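Colleague: Return atomic coordinates for the entry below.
(2 chains)
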There are 2 protein chains.
Amino acid sequence: MTIELSPDALAGLLEQARKEYQNLAGCGLSLDLTRGKPAPEQLDLSNALFSLPGERYTSADGTDLRNYGGLQGLPELREIFAEALQVPVGQLLAAGNSSLELMHDCVVHALLSGVPGVESRWVDQDRIAFLCPVPGYDRHFGICERFGIEMIQVPMTAEGPDMDVVERLVAEDPAIKGIWCVPKYSNPTGITYSDATVARLASMSTAAPDFRIFWDNAYAVHHLTDTSVEIADLLAACAEAGHPDRTFVFGSTSKITLAGAGVAFFGSSPANVEWLLSKSAKRSIGPDKINQLRHAILLQDTDGLRTHMERHRALLQPKFDAVARILEAELGGSGLAGWTSPEGGYFVTLEVPEGCAKEVVRRAAEAGIVLTPAGATHPYGDDPRDAVIRIAPSYPGLDELEQAIKGLAVCVRLVGYERQSR
Amino acid sequence: MTIELSPDALAGLLEQARKEYQNLAGCGLSLDLTRGKPAPEQLDLSNALFSLPGERYTSADGTDLRNYGGLQGLPELREIFAEALQVPVGQLLAAGNSSLELMHDCVVHALLSGVPGVESRWVDQDRIAFLCPVPGYDRHFGICERFGIEMIQVPMTAEGPDMDVVERLVAEDPAIKGIWCVPKYSNPTGITYSDATVARLASMSTAAPDFRIFWDNAYAVHHLTDTSVEIADLLAACAEAGHPDRTFVFGSTSKITLAGAGVAFFGSSPANVEWLLSKSAKRSIGPDKINQLRHAILLQDTDGLRTHMERHRALLQPKFDAVARILEAELGGSGLAGWTSPEGGYFVTLEVPEGCAKEVVRRAAEAGIVLTPAGATHPYGDDPRDAVIRIAPSYPGLDELEQAIKGLAVCVRLVGYERQSR
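Modeller: Numbers count the residues shown, from 1 in each chain, chains lettered A, B, ... in the order given. Predicted coordinates:
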């Protein structure tokens, strides 16, 4: 995307950028764009939880939810989320406050016991690898790193991971046991997997009989436009393709109700659900069903969930619009950056010239604008092209966000022109 | 404890017991003494949680508890429990709704990463064993069984596990990596570890450098008499003895507030706490801090906790008294049974003649009285003497409980006299 500039023009632009950066650094900013955290105003949407469940503490079937038990989670809450997560309610579990925990624990159970249909434990294999579409979610990669699971990068396309690469790798390498996917409004690019991608994931041949797709549908209902993007039903597609146990579906209300006090979900084939339940039964006597009841009362049904998410959109869309508007105004046509325009989710991916991302992040931090570390979108925190920066617009107020993005653009120009001047 | 009877006397007692059992079986009872679940009246004591935290959602230091973060748990709640659990507040973590999860996860992390001070992972050892004082808690044994950890039984005395046996075993066998302990009002005998037992646990030499005491202080504040039994501080004793990392302390509010929606705690040495935090950071972005805030508001401080537990005692003590009274009236002097008189906790252990426990439980079930399976108090569900029955008096109402214990006594007499008649 680099644009050819005359030496004089470049020198002028660089001088201008240096002045702007000096001004920026003099502003004493303290802005944080690091993580995809909901803003306080978004959390306010669920403050009713703080006086729920009120007088009631029984489920629809009369169970006293205060006591032990109910490992599968509250049926009425699972019913609200079955449609959004594309999992039959009987195959959907409601758990604790974090879907990351469920992903981590599925890996743990596979390491220490193997998965349904295969006798061998992952921990007994010489080598275990996961496919990691990049850019992707750092906490997924963190689970692999923590357990010494090799990470094989797969490039993302506008339709999801490059399926030619995925199909070739999984067909030839039996050590590849999994792939991390955020299928809708992906973290961090915002792209959504096409129907063709889903179909190919479901039907592809894998050398590993115990291959699993970790389908982290974190942004299932997190739309930013009038188009409620839908994805094909991977769980059903896998069953139809003769691979019923291939998919683990994850979801949570962390970015629907409260980031720290929501409810996480796991859905899969009957065999996989039975597997996780039997392992979980040795670990817990049941999830916090009172918090699940709070959520069921707050959200009520799928319509209630939709209405609730429209309120989030009303708060988030202006921030994403501002990011797009400012990036276009500040960097459009400069040849120094490209960026995504997500229709949902929590992130914008900014791409800067190769070798510049770390330096942009460093300069921004020096000017008081903290960004997600460059490289976080890649395994081991290492983006080989050093070009991807993840922008998380949700948390700051609109004014702060605008300041931060303008400042970020100053840093991109400074670093970009410096690089071109060498 | 068997008493010699003449053949005629025995025949008469057996006939009488058979008649009583026939009557019992004809009553159509449906009573459940299986698990140590709080009764609805006990859960009512914490119903205020259902409209908490109300308007407030920040911690004492101003943190918005609705959002991600705070892996260590809410400081003000940890302060309330530091004294009861004998852990400095800086070394105490507040987590999810289940201490069993924390115990399970400590085993998982040790299996997959080892523990502080030792490089090797437990999963790479040929053999891993835990000492299991018996009778003990079935869910502890369940964790060992799930991960193929060998269980070595150690007899319980009135002062805790037989320390002569413990010291000999841990000194000679480097495969022994842990011991399960419920040090106060033990599950199921109700005994409390003496100061000498605690001192010997802290100072003993272990062949395994990575030996850990799983100190499940589940009944730390669960007194049933005016004597608030105290135990010696194992964590401090270990540090003094030069084994600072030997102990993992666990606790929870499951039997203080809500069994399904409470808060669990982990405490240990700084190195162990750092270890668990670093592993947990790959799994979660923080516990449900709002639920922790609810608990901090409900309980307020250590005095509030004490007052709250006195209300539990007022509900539980009559039940334990009834069990003792009925067992004495029905079986006292019969030579057919002995039982414990716990000063706290949730269980009474009934000991019947060798080879009789399973049959008593079977006959009771046929008469509509469901007990914890005989053997559950031992590893693999196998009590080699088939003599121990765990009674859980907390859940049923007083009338039901009295009916159940009377019925149980009938079954003990029936099976006991049948056995003597052979």
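Colleague: now the strands: where do they sit in the stretch 301-422 of chain A?
Modeller: All strands of the stretch 301-422 of chain A, identified by DSSP state E, counting those that start in this stretch, fall at A:338-339, A:348-351, A:369-371, A:388-391.
Colleague: highest average neighbour count across the ones you listed?
Modeller: strand A:388-391 (a mean of 26; mean count of other Cβ atoms under 10 Å in any protein chain shown). Where C-beta positions appear, they are placed from N, C-alpha and C, glycine not excepted.
Colleague: Centre of the chain to it, how far?
Modeller: Centroid separation between strand A:388-391 and its chain, computed with Cα atoms, centre = their mean, to the nearest Å, is 13 Å.
Colleague: Same check on stretch A:3-17?
Modeller: In terms of Cα atoms, centre = their mean, the centre of stretch A:3-17 is set 38 Å apart from its chain centre.
Colleague: residues in contact with it?
Modeller: Stretch A:3-17 is contacted from outside by A:333-335, A:410, A:413-414, A:417-418, A:420-421, using Cβ atoms under 8 Å, 6 or more residues apart in numbering or on different chains.
Colleague: Now with 10 Å, please.
Modeller: A:333-336, A:409-421 (Cβ atoms under 10 Å, 6 or more residues apart in numbering or on different chains).
Colleague: from what I can see residue A:189 touches residue A:346, true?
Modeller: No. Here residue A:189 does not reach residue A:346: they are 11.4 Å apart, not a contact under Cβ atoms under 10 Å.
Colleague: what is in contact with the two at once?
Modeller: What both residue A:189 and residue A:346 touch, as defined by Cβ under 10 Å, 6+ apart, is the set residue A:390.
Colleague: what's near enough to touch the residue lying closest to residue A:117 once chain neighbours are set aside?
Modeller: Distance criterion Cβ to Cβ, 6 or more residues apart in numbering or on different chains; nearest residue to residue A:117, sequence neighbours excluded, is residue A:245 at 5.8 Å. Residues in contact with residue A:245 (Cβ under 10 Å, 6+ apart) are A:115-118, A:209-212, A:238-239, A:268-272, A:275.
Colleague: Also residue A:382?
Modeller: A:153, A:374-376.
Colleague: Any quick PyMOL command for the buried ones out of these?
Modeller: PyMOL command restricting the contacts of residue A:382 to the buried ones, with burial defined by 16 or more other Cβ atoms under 10 Å in any protein chain shown:
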select buried, chain A and resi 153+374+375+376
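Colleague: Quick one: the contacts of residue A:382 as a markdown table, columns for distance to residue B:181 and pLDDT too.
Modeller: Formatted as a markdown table, the contacts of residue A:382 follow (distance: Cβ to Cβ, whole Å; pLDDT from 0 to 100):
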| residue | distance to residue B:181 | pLDDT |
| --- | --- | --- |
| A:153 | 47 | 98 |
| A:374 | 48 | 95 |
| A:375 | 45 | 95 |
| A:376 | 42 | 95 |
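Colleague: Which members of the contacts of residue A:382 occur in helices, if any?
Modeller: With helices taken from DSSP state H, there is no overlap with the contacts of residue A:382.
Colleague: Need the contacts of residue A:382 in CSV (columns: distance to residue A:45).
Modeller: CSV is the format used below for those (distance: Cβ to Cβ, whole Å):
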residue, distance to residue A:45
A:153, 37
A:374, 32
A:375, 33
A:376, 28
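Colleague: now, which of the contacts of residue A:382 sits nearest chain B?
Modeller: For these, the minimum distance to chain B (Cβ to the nearest Cβ) is 14.3 Å, reached by residue A:376.
Colleague: Who wins on neighbours among the contacts of residue A:245?
Modeller: residue A:268 (28 neighbours; other Cβ atoms under 10 Å in any protein chain shown).
Colleague: Find the nearest non-adjacent residue to that one, please.
Modeller: residue A:248 (5.2 Å).
Colleague: And residue A:407, how close does it get to chain B?
Modeller: 24 Å (Cβ to the nearest Cβ, to the nearest Å).
Colleague: how many neighbours does that residue have?
Modeller: Close neighbours of residue A:407, defined as other Cβ under 10 Å, add up to 26.
Colleague: Also residue A:146?
Modeller: Counted with other Cβ under 10 Å, residues neighbouring residue A:146 total 19.
Colleague: What are the phi and psi values at it?
Modeller: Phi and psi for residue A:146, reported as degrees, to the nearest 10, are phi -60, psi -30.
Colleague: How about residue A:266?
Modeller: phi -130, psi 130.
Colleague: Mind listing the residues bridging to it?
Modeller: As for beta bridges, residue A:266 partners with residue A:93, residue A:250 under DSSP bridges.
Colleague: What is the neighbour count of it?
Modeller: Neighbours of residue A:266 under the rule other Cβ under 10 Å: 28.
Colleague: Could you verify my assumption that it touches residue A:279?
Modeller: No. Counting by Cβ under 10 Å, residue A:266 does not reach residue A:279; the two are 11.4 Å apart.
Colleague: Which residues are in contact with residue A:252?
Modeller: Neighbour list for residue A:252: A:81, A:85, A:94-102, A:216-218, A:220, A:259, A:262-266 [criterion: Cβ under 10 Å, 6+ apart].
Colleague: Try it again at 8 Å.
Modeller: Applying Cβ under 8 Å, 6+ apart, we find residue A:252 in contact with A:97-99, A:218, A:262-265.
Colleague: check those residues against chain B, which are close?
Modeller: Here is what survives when the contacts of residue A:252 are matched to chain B using Cβ under 8 Å from any Cβ of the partner chain: A:97-98.
Colleague: Among the contacts of residue A:252, which ones are in strands?
Modeller: When the contacts of residue A:252 are checked against strands (DSSP state E), the matches are A:264-265.
Colleague: Take the contacts of residue A:252 and lay them out in CSV including distance to residue B:158.
Modeller: Below are those laid out as CSV (distance: Cβ to Cβ, whole Å):
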residue, distance to residue B:158
A:97, 42
A:98, 43
A:99, 47
A:218, 54
A:262, 47
A:263, 45
A:264, 45
A:265, 48
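Colleague: Nearest to residue A:368, out of the contacts of residue A:252: which one, please.
Modeller: Sorting the contacts of residue A:252 by how near they are to residue A:368, with Cβ to Cβ, puts residue A:218 at the top with 29.5 Å.
Colleague: wait, isn't the closest one in contact with residue A:180?
Modeller: No. Using Cβ atoms under 8 Å, residue A:218 makes no contact with residue A:180, being 11.3 Å away.
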